[in-house]
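Engineer: Please find the sequence and the predicted model below.
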Amino acid sequence: EKAKTKVCKTEPRVPLHTCLSCMAGTAQGAFVVISKISPGDISCIMRKGSVDTKKRKSEFCQNVKQSETRRKKMKKLFAILMSVLMIACFMPTMAFADGTVAKIGETTYPTLQAAITAALAGETTTVEVELLADTKEDITIPAGKKVTLNLNENTLTNSSSDTITVANGAELTIEGAGTVDNVTHGKAAIFNNGFAVLNGGTYDRSAEAGTSASVSGKNSYYTIVNHGKMTINEAAKVQTAGGVTEKGKFSSLVENGYYNYSSKEPGSGYVEGTNQEKPTLTINGGTFLGGLNTIKNDDGGMITIEDGNFSNFYQALVQNHNIATIEGGTFTAAEGSGQTTYGVYNCGCAANYDIGTLTISGGTFTADYALGEVSTQAANVTISGGTFNGKEAAIGKSDSCKANFVISGGTYSSSPKNVVGNAKVFKVSDTKFMVATDDAKPAGYYWTAVEGKAWDYEGTAITYTPYVPTDNVTNQSENTATGTPATTTADINASKTTA
């Protein structure tokens with residue numbers, strides 16, 4: 001009988017004692033699915049029970065039919081609501097389909113590449129494009145064309161290749177906040193063979209999986225490759241693995257120059273007409289996070305770093321193989337990586353394309369070795385300024401190093417006497433050493449005589465005083481033993497100093 005009355009205790013919809021209390025033969029507290037009861041079932045129940053009137057049967061059938069009608073209406077309303085929610089969820093896709101991914105002037109386009117291609121058709125050579133929505137596609141800026149792209153706080157992610165390729169002879173300028181991302185193994189967010197200026201935006205390989213120098217995770221590459229001419233300015237940010245410090249350790253972050261200059265494959269070597277003979281990168285500022293090496297100046301590359309914040313997870317903040325000039329910036333290596341870290345790692349490894357020329361006039365470098373020199377060629381290393389903080393040593397060099405050092409300035413956490421060449425090293429404290437030549441004393445300081453000597457250097461206490469052009473002046477100078485300030489009175493005319 002329970003099967004006929006469709007009584008079900010596992011689907012508690014409506015209590016029987018509330019809705020069918022007049023029916024006999026059914027236990028109180030049982031449950032019934034009203035929507036599944038047919039008039040035939042009702043007849044069966046009523047024949048079994050004490051109520052046998054047509055009136056009661058008619059009333060109950062009417063109630064069941066009304067309940068079924070309400071249920072159908074609610075089901076229809078639910079379907080409408082779900083449709084509205086689905087439309088809201090897929091709005092970005094619909095925007096893409098309706099031609100609102102990119103805009104030039106008042107004209108909209110279904111894809112960013114369509115906007116660029118259409119706008120540059122014919123004799124038009126310059127175009128400004130605004131990104132209106134997130135999109136997944138591979139973009140190419142063709143030779144002879146100039147494009148300014150405003151990211152407009154949206155994200156451009158690649159489809160299968162490099163996210164943005166700038167052809168030799170093309171120009172690209174990127175403005176505004178937003179992200180250019182790449183999620184494919186062996187592909188870059190920006191691959192430049194022409195001219196590129198990054199005034200803003202975040203450049204990432206968010207799916208980067210490399211966890212060490214030997215483990216790529218089957219998804220690794222440079223975030224930016226420059227085989228042309230590129231300038232990166234203050235508002236730009238370049239990172240890998242979304243900034244996750246456990247990854248991004250297999251490939252360098254930025255590659256300027258060629259992995260193998262002589263290769264005829266344009267992705268790794270110089271190919272006339274496809275890329276440029278002397279890739280040139282200028283960094284005026286910005287934030288650079290991660291990579292096996294954060295900035296890698298490779299075969300044939302020329303790089304100038306004016307400023308910026310550089311943080312590394314694993315190896316070197318700047319690895320130079322060819323020609324590098326550093327005038328400023330903050331370079332900080334991560335601790336606890338299990339690898340030896342370098343502020344600058346200089347390796348002039350071959351003639352012609354890897355000559356290892358390094359010039360430093362400013363910047364702060366903090367790592368196991370602020371500067372590591374391993375050139376097997378007669379590389380020229382010139383240092384006139386900068387702060388070099390090395391946990392192991394300010395400057396370290398390999399036994400096979402053949403570099404020529406010319407050091408005329410800078411401040412060092414340990415004595416650079418092993419490479420100082422023609423300069424003198426002055427010990428200010430146990431963790432502060434300064435370098436100067438007879439003709440180029442540290443800016444803003446003059447050196448006092450000690451025991452009748454015009455100059456003295458490492459190992460002997462020496463007093464130095466900020467230069468003030470008066471005959472007699474009392475200044476604060478640093479105690480040579482402790483590095484703390486101590487008052488020093490200098491009689492410049494008499495060349496005497498009293499501490």
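Structural biologist: Looks like it arrived, so ask away.
Engineer: what about T382, distance to I295?
Structural biologist: For T382, the distance to I295 (Cβ to Cβ, to the nearest Å) stands at 19 Å. For glycine as for every other residue, the C-beta is placed from the backbone atoms N, C-alpha and C.
Engineer: ok, the two, which is more surrounded?
Structural biologist: Neighbours per residue, other Cβ atoms under 10 Å: of T382 and I295, the larger number sits with I295, 31 against 15.
Engineer: Could you confirm that one falls within a strand?
Structural biologist: Yes. Assigned with DSSP: H, G, I helix; E, B strand; the rest coil, I295 falls within a strand.
Engineer: That one reaches Q315, doesn't it?
Structural biologist: No. Counting by Cβ atoms under 8 Å, I295 stays clear of Q315, with 11.4 Å between them.
Engineer: outside of stretch 163-170, which residues touch it?
Structural biologist: 138-147, 156-157, 172, 180-182, 187-196, 228, 273-276 (Cβ atoms under 8 Å, 6 or more residues apart in numbering).
Engineer: now swap in stretch 182-189 and tell me
Structural biologist: 157-158, 160-164, 180-181, 203-207, 216, 218-225.
Engineer: And for D430, the neighbour number?
Structural biologist: 12.
Engineer: hang on, I meant N418
Structural biologist: For N418, the tally of surrounding residues (other Cβ under 10 Å) stands at 12.
Engineer: Contact partners for it?
Structural biologist: Contacts of N418 (Cβ under 8 Å, 6+ apart): I395, K397.
Engineer: Quickly find the element holding it.
Structural biologist: Element membership for N418 (DSSP states H and E) is empty, with no helix or strand holding it.
Engineer: remind me which residues of the stretch 301-450 of the chain are low pLDDT?
Structural biologist: By pLDDT under 70, the weakly predicted segments of the stretch 301-450 of the chain are 421-423, 437-450.
Engineer: filter the contacts of stretch 163-170 to the buried ones?
Structural biologist: 138-141, 145-147, 156-157, 172, 180-182, 187-196, 228, 275-276 (16 or more other Cβ atoms under 10 Å).
Engineer: Give me the subset of these lying in strands.
Structural biologist: 139-141, 146-147, 156-157, 172, 180-181, 190-192, 195-196 (DSSP state E).
Engineer: of the residues you listed, closest to L112?
Structural biologist: Checking those against L112 by Cβ to Cβ gives I139 as the nearest, at 5.8 Å.
Engineer: Is it correct that the closest one is in contact with L112?
Structural biologist: Yes. The criterion here is Cβ under 8 Å, and I139 meets it with L112 at 5.8 Å.
Engineer: pLDDT score assigned to D162?
Structural biologist: Note on D162: pLDDT of 98.
Engineer: my guess is it contacts D138, does it?
Structural biologist: Yes. Counting by Cβ under 8 Å, D162 does reach D138; the two are 6.7 Å apart.
Engineer: Any idea how many residues pack against K264?
Structural biologist: 10.
Engineer: Find the nearest non-adjacent residue to it, please.
Structural biologist: Counting by Cβ to Cβ, 6 or more residues apart in numbering, V271 is the residue found nearest to K264 once chain neighbours are left out, at 6.1 Å.
Engineer: and if you look at G348?
Structural biologist: G356 (1.9 Å).
Engineer: Likewise for Y261?
Structural biologist: Distances taken as Cβ to Cβ, 6+ apart place D299 nearest to Y261, at 3.8 Å, with adjacent residues excluded.
Engineer: How about F388?
Structural biologist: Leaving aside its chain neighbours, F388 sits nearest to A370 (3.6 Å; criterion: Cβ to Cβ, 6+ apart).
Engineer: strand partners of the helix or strand in which that neighbour is found, parallel vs antiparallel please.
Structural biologist: A370 belongs to strand 364-373 when assigned by DSSP H and E. In the sheet, strand 364-373 lines up against strand 330-333 (parallel), strand 342-346 (parallel), strand 387-397 (parallel) (DSSP bridges).
Engineer: Sketch out the helices for the chain, chain order is fine.
Structural biologist: Here the chain has its helices, by DSSP state H, at 2-5, 16-19, 39-48, 54-89, 91-97, 112-119.
Engineer: avg pLDDT for the fifth one?
Structural biologist: Just to be clear, that refers to helix 91-97. On average, helix 91-97 scores 42.
Engineer: The residue nearest to Y261 against Y258, yeah?
Structural biologist: Yes. Using Cβ under 8 Å, D299 is in contact with Y258, at 4.2 Å.
Engineer: Mind listing the shared neighbours of those two?
Structural biologist: Y353.
Engineer: Of the two, which one has the most company?
Structural biologist: Counted by other Cβ under 10 Å, D299 and Y258 do not tie: Y258 has more neighbours, with 26 against 23.
Engineer: quick one, what contacts the more buried one?
Structural biologist: For Y258, the residues meeting the contact criterion (Cβ under 8 Å, 6+ apart) are H227, S268, G269, Y270, P279, D298, D299, G300, G301, Y353.
Engineer: ok, now with 7 Å
Structural biologist: H227, S268, G269, Y270, D298, D299, G300 (Cβ atoms under 7 Å, 6 or more residues apart in numbering).
Engineer: Quick check: buried residues in stretch 399-418?
Structural biologist: Buried residues in stretch 399-418, counted by 16+ other Cβ under 10 Å: 401, 403, 405-417.
Engineer: Between the two ends of it, what distance do you get?
Structural biologist: Start and end residues of stretch 399-418 are separated by 12 Å (Cα to Cα, to the nearest Å).
Engineer: Kindly report the same for stretch 230-243.
Structural biologist: Start-to-end, stretch 230-243 (Cα to Cα) is 23 Å.
Engineer: how much space between the closest residue to Y222 other than its chain neighbours and D181?
Structural biologist: Residue nearest to Y222 in three dimensions, not counting chain neighbours: E255, with 4.3 Å by Cβ to Cβ, 6+ apart. Note on E255: its distance to D181, by Cβ to Cβ, is 17 Å.
Engineer: ok, now G343?
Structural biologist: Distance, G343 to D181, using Cβ to Cβ: 29 Å.
Engineer: residues in contact with the closest residue to K136 other than its chain neighbours?
Structural biologist: Spatially, and ignoring its direct neighbours in sequence, K136 is nearest to T157 (4.8 Å; Cβ to Cβ, 6+ apart). Residues counted as contacts of T157 (Cβ under 7 Å, 6+ apart) are K136, T163, D181, V183.
Engineer: Of those, which is the most crowded?
Structural biologist: T163 (27 neighbours).
Engineer: My guess is T332 contacts T366. True?
Structural biologist: Yes. Using Cβ atoms under 7 Å, T332 is in contact with T366, at 4.9 Å.
Engineer: A378: how many residues sit nearby?
Structural biologist: By the other Cβ under 10 Å criterion, the neighbourhood of A378 contains 12 residues.
Engineer: do you know how far the closest residue to it other than its chain neighbours is from Y270?
Structural biologist: Leaving aside its sequence neighbours, A378 sits nearest to K402 (Cβ to Cβ, 6+ apart; 5.2 Å). Distance, K402 to Y270, using Cβ to Cβ: 26 Å.
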